[in-house]
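Undergrad: Sequence and predicted structure are below.
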Amino acid sequence: MKKILNDPNDAAAELVDGLVDYYNGKVTKVGPGAIALTDIASDKVALLVGGGTGHEPIYHGLIGEGMADGAACGDIFAAPPPNIILEATRAVNKGKGVLYLYGNYAGDVMNFKIAAQLAAAEGIKVETVLIWDDVASAQPSTKEDRRGIAGLIPIVKIAGAAADKAKDLDELVSLVTSARDNTRSVGVALSPGSIPATGKPTFELDDDSIGIGMGIHGEQGVGIEKMMPADDLAEKLLNLILADDLILESGDDVLVLINSLGSTTMMECLIVLKKVKALLVDKGIKIYDVMLGPLVTCQEMAGLSISLTKVDDTLKPLWDAPCSSLGYTKL
Amino acid sequence: MKKILNDPNDAAAELVDGLVDYYNGKVTKVGPGAIALTDIASDKVALLVGGGTGHEPIYHGLIGEGMADGAACGDIFAAPPPNIILEATRAVNKGKGVLYLYGNYAGDVMNFKIAAQLAAAEGIKVETVLIWDDVASAQPSTKEDRRGIAGLIPIVKIAGAAADKAKDLDELVSLVTSARDNTRSVGVALSPGSIPATGKPTFELDDDSIGIGMGIHGEQGVGIEKMMPADDLAEKLLNLILADDLILESGDDVLVLINSLGSTTMMECLIVLKKVKALLVDKGIKIYDVMLGPLVTCQEMAGLSISLTKVDDTLKPLWDAPCSSLGYTKL
Amino acid sequence: MVAADLRAAATNQKLYYMSKETLSPNEVREMLIAISDKIIESEELLSEADRRLGDGDHGLGMKRGFTAAKAALKALEPTTVGQVFSTTGMTLMGTMGGASGAVMGILYQNGGTALGDADSLDASGLSTFMTAALEGVTNLGGAKPGDKTMVDALAGAQEAAAASTGLSLPDAMKAVSDGATAGMEATKAMIATMGRAKTLGEKSIGHPDPGAVSVSIMFQTASAYVG
Amino acid sequence: MVAADLRAAATNQKLYYMSKETLSPNEVREMLIAISDKIIESEELLSEADRRLGDGDHGLGMKRGFTAAKAALKALEPTTVGQVFSTTGMTLMGTMGGASGAVMGILYQNGGTALGDADSLDASGLSTFMTAALEGVTNLGGAKPGDKTMVDALAGAQEAAAASTGLSLPDAMKAVSDGATAGMEATKAMIATMGRAKTLGEKSIGHPDPGAVSVSIMFQTASAYVG
Ligand SMILES: Nc1ncnc2c1ncn2[C@@H]1O[C@H](COP(=O)(O)OP(=O)(O)O)[C@@H](O)[C@H]1O
Ligand SMILES: Nc1ncnc2c1ncn2[C@@H]1O[C@H](COP(=O)(O)OP(=O)(O)O)[C@@H](O)[C@H]1O
Ligand SMILES: [Mg+2]
Ligand SMILES: [Mg+2]
Ligand SMILES: [Mg+2]
Ligand SMILES: [Mg+2]
């Protein structure tokens, strides 16, 4: 596996520096692994995202105007340690408190929990919303066991807009919780990415097999099946979402995200979108907007995921607000 | 090679339909392979791009507000036929003429040339600017033999803004020619993508070898070398651009694009950006803005390219203008 | 339509294997259907040739174009020879795309137009066709013989046709086929200066140009058809 | 520093191989350096274990953390036992990230804090350490024994320590090491309900939890150190 790296052990640190270079002055590095917008409005409720690196553009590529105010970056595939989260928290806090918004993985939960305690000890108000959109990872009755996957894109986008207008942290929590509760995703894995430091694949899958509902690190999903045509796959995935406990009826509006896990091409994502749209139109469900491309990745992993976010009159204006970031920009 | 497709021979047609679905009403399909913005201002000079599919998000993912007005899409890796280009031409023409802007490949040149003759016969004014940014593909003295690669991203972005403000086709040609003449790129190939219809790799390269300056279809570049660290590679590529005939001096402003050819991760692009920035800063060259990610791809090909566009007081405001498209959006 | 079908059935049974001094519009149609079949069947070989020098899709484009051309030809009741060639050219041009879509399209279109309203094809018509076809392709793409493109095969075919106007159609077509094949063979030793292969430089030596292989296959099939 | 270095040199030559009834702060420091070396050396084994149940990076995180911990320990002139454990915990917590950064960090930090200002470690101190360590980890992550995490190894170690307060330190540490290893072995038969492996369900059976393997290695090394 050829990868364009220097010392693979420095990959995470170098990519964070490169990210700051990408933002070309708009973003500042704070300590070894935290980044924050250089100019944060002095009276806003702050939005902090974070997680392991290696999944670019998330999470740290989601900071920007109308998006997150800061990000805590861990090593490759490793949640950030509490001190990095704490530094990010201090950098983004403008006195109105900080919302932690991240994917529901044990490592992230524990490190952010410790950071939140440290921040509270410093008098910074912190609240947390966990992203658990992956319907394939647990039953609806135990949603708090679900993983966070690509649904974090519309959720962070909406949260960014909400953070710009929320009068306080509680209002932000409630808006973001609504975005989270209205988002469902499911993915399919075709082949693994590789761990930069070892060059080894992140998981194994037979040449003709695909993992329905598999997580972005190879976590078990609904089951391993034989490769199938795009239309069948799209229908199977969409049905897993439609069978979940988020009620979607004729006349409802949804945001659709077709996310590539890395090396799966836009061609494939577009072909899946065509089928997803046809199936939604059949049910009278209206597409409010579409996102498509490699947004939540796991190195050069192949596969894709479908996410739906049901948007009502509260969420629509938050979606419509312009935003700008490496990962997602909206005019 | 697993790919998420239905009949591979339908891939191009289905992806164009999916693209129209992506644009969710903003884009209309015209005939079998042309797409155009649904609402084009009634008095604007039109910008038409086009090329083979399979390189998404280019070319057809570059239509949108402040970007191209329409696109002619060919089959996978095949320039669009003249009739598709003609239909796109008719759809975007608002009486002020149409600029054809596309990459310098024999197939594209011939098909667009025939289309331009057919359009002229219908009384539509057509001009052409060819994109030939790849410094590795020919000497500066025979620039018209150079290929068009990732440099088309900043060029099309600037052309989109220019088309919104140009009073006539001649002014647009002159602005776009300036953007083209100030853009240089060079790429490196690590591994091939695969042809959807056959599953076969698009070219061959040894496990430990990389193709410096190789084109996105495997076309020969400067030479095959052994894999090297990211910093060395970044410096080698950048030097190929700096040694070319575009004069870049201390105090000059450049747009920097680090383009992934498909499966090369954002992590790798960011690490290369870090080095490129350090080298440019060393020379006193200022980075005006940065683009980064998989913008000009060849299926799941691995590798990346660096592009620089020198921007002066004419080009800067064109770059600054907001734009929106699948491939590139700017707030 | 019924008359044409009867004629076609008769041709398939017997006349197909006999030499033809001139070809009727319908026979030209049958010849081009035979060419279509042969090209479709050669998809892998042509794509493989393009994998060495280009982007590996030449066979796919040719198959796409000639599948459409065959359908168009089947639906055609031609009254002139030129009409058959032009329909082929228009269809290739409109469905293939890529470099070969343009050059193969122009080849048949220009060649067909040059035949005016002739209602049969003989050795002299063949020469008229070849000259116009070559002119169309070189005007469009700028490639000259020696650039390692299909022009090498086409120019070989054209020279042979020009030298064979006094021969029978089968002999002229055999000469054209040989000329095309020799032109194709000659591309093996050339360094590409046109098309995607041009940046390969010396690495392009040893492999025939894929478009030239197509031209050679087309005229070999034509020669087999006229007998 | 000079005194500490002399003591360290003496230890390395001779005392290292003799049983220790109690450990001085500096000996605890040496023990943790030995643990660091062993964990760093086990990188591949630990990552491989995580490749089966998680994302394949457990060894990388542990190596990163213990490389930093070793450096911090080398620079430390400890006056209390707790200080050594807490420094280890803080360093792991601050440099590793991931699930194991939090749990390994808390393990040493909580354990160390519970030892107050004790200036030596004996079997009863070991039990105090283990109880606080286990409590810290379960409070943080919510995992219980049987969930197939490092808590299984840690709980095994804690039970052994609690039952060994009347023993010599070497015997108590041997019991802790055996308890940790038995707890780790037991995870092989379990279905994961915590961490990344939880969605694997029955597929997780047969493989030991990577964090539990780390815990087992740590206390085996400690036991070897105290002799
Ligand atoms: N300028 C040109 N003139 C004539 N023929 C050309 C020219 N450029 C390319 N060709 C022909 O096109 C062939 C390649 O066709 P194809 O692979 O279908 O198109 P593409 O290069 O667009 O993928 C070449 O083998 C060559 O014979
Ligand atoms: N809730 C938890 N409580 C205790 N230990 C846990 C918990 N979740 C995970 N772990 C431990 O963490 C280990 C995985 O560590 P590591 O691979 O470094 O982190 P990550 O899962 O973030 O990649 C698991 O083997 C398990 O022992
Ligand atoms: Mg991890
Ligand atoms: Mg092609
Ligand atoms: Mg080709
Ligand atoms: Mg892990």
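TA: Yep, it's here. From a predicted model like this one, the values you see are computed outputs, not experimental measurements. Ligands and ions are numbered 1, 2, ... in the order given.
Undergrad: ok now stretch A:33-50, how far from the chain's centre?
TA: Chain-centre distance of stretch A:33-50: 17 Å, with CA atoms, centre = their mean, to the nearest Å.
Undergrad: buried sites along that stretch?
TA: Buried residues in stretch A:33-50, defined by neighbour count with 16 or more other CB atoms under 10 Å in any protein chain shown: A:33-37, A:40, A:44-50. C-beta: built from backbone N, CA, C; applies to glycine.
Undergrad: And for stretch A:130-141?
TA: Of all the residues in stretch A:130-141, those buried under the rule 16+ other CB under 10 Å are A:130, A:131, A:132, A:133, A:134, A:135, A:136, A:137, A:138.
Undergrad: same thing with stretch A:58-67?
TA: Going by neighbour count (16+ other CB under 10 Å), the buried part of stretch A:58-67 is A:58, A:59, A:60, A:61, A:62, A:63, A:64, A:65, A:66, A:67.
Undergrad: quick revisit: among the buried residues of stretch A:33-50, which one lies nearest to residue B:184?
TA: Nearest to residue B:184 among the buried residues of stretch A:33-50, counting by CB to CB, is residue A:35 at 30.3 Å.
Undergrad: The closest one contacts residue A:22, doesn't it?
TA: No. Counting by CB atoms under 8 Å, residue A:35 sits too far from residue A:22 to count as a contact (10.5 Å).
Undergrad: quick one: stretch A:80-91 near chain B?
TA: No. Figure legend: stretch A:80-91 not in contact with chain B (CB under 8 Å from any CB of the partner chain); closest approach 15.9 Å.
Undergrad: Residues touching that stretch, excluding its own?
TA: A:28, A:30-36, A:48, A:50-52, A:70-74, A:98, A:100, A:111-112, A:114-115, A:118-119, A:122, A:124, A:126, D:93-97, D:101-102, D:105 (CB atoms under 8 Å, 6 or more residues apart in numbering or on different chains).
Undergrad: Which members of those are positioned in strands?
TA: A:28, A:30, A:34-36, A:48, A:50-52, A:70-74, A:98, A:100, A:126 (DSSP state E).
Undergrad: anything in stretch A:56-75 near chain B?
TA: Yes. Stretch A:56-75 reaches chain B (CB under 8 Å from any CB) through A:56, A:57, A:61, A:65, A:66.
Undergrad: May I see those organised as TSV, with distance to residue B:331, pLDDT and secondary structure added?
TA: As requested, those are exported to TSV (distance: CB to CB, whole Å; pLDDT from 0 to 100; DSSP: H, G, I helix; E, B strand; the rest coil):
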residue	distance to residue B:331	pLDDT	secondary structure
A:56	20	98	coil
A:57	16	98	coil
A:61	15	98	helix
A:65	6	98	coil
A:66	8	98	coil
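Undergrad: Count the neighbours of residue A:97 for me.
TA: Other residues lying near residue A:97 total 19 when counted by other CB atoms under 10 Å in any protein chain shown.
Undergrad: per-residue pLDDT, the closest residue in space to it that isn't next to it in sequence?
TA: Distances taken as CB to CB, 6 or more residues apart in numbering or on different chains place residue A:125 nearest to residue A:97, at 3.4 Å, with adjacent residues excluded. Per-residue pLDDT puts residue A:125 at 98.
Undergrad: ok, residue A:125 - contacts?
TA: Shown in contact with residue A:125 (CB under 8 Å, 6+ apart): A:96, A:97, A:98, A:169.
Undergrad: export the residues you listed to CSV and tack on distance to ligand 4 and pLDDT?
TA: Formatted as CSV, the contacts of residue A:125 follow (distance: CB to the ion, whole Å; pLDDT from 0 to 100):
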residue, distance to ligand 4, pLDDT
A:96, 56, 97
A:97, 56, 98
A:98, 52, 98
A:169, 56, 98
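Undergrad: Compile those residues into a markdown table and extend it with columns for distance to residue C:152.
TA: Shown next, in a markdown table, are these (distance: CB to CB, whole Å):
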| residue | distance to residue C:152 |
| --- | --- |
| A:96 | 74 |
| A:97 | 75 |
| A:98 | 70 |
| A:169 | 74 |
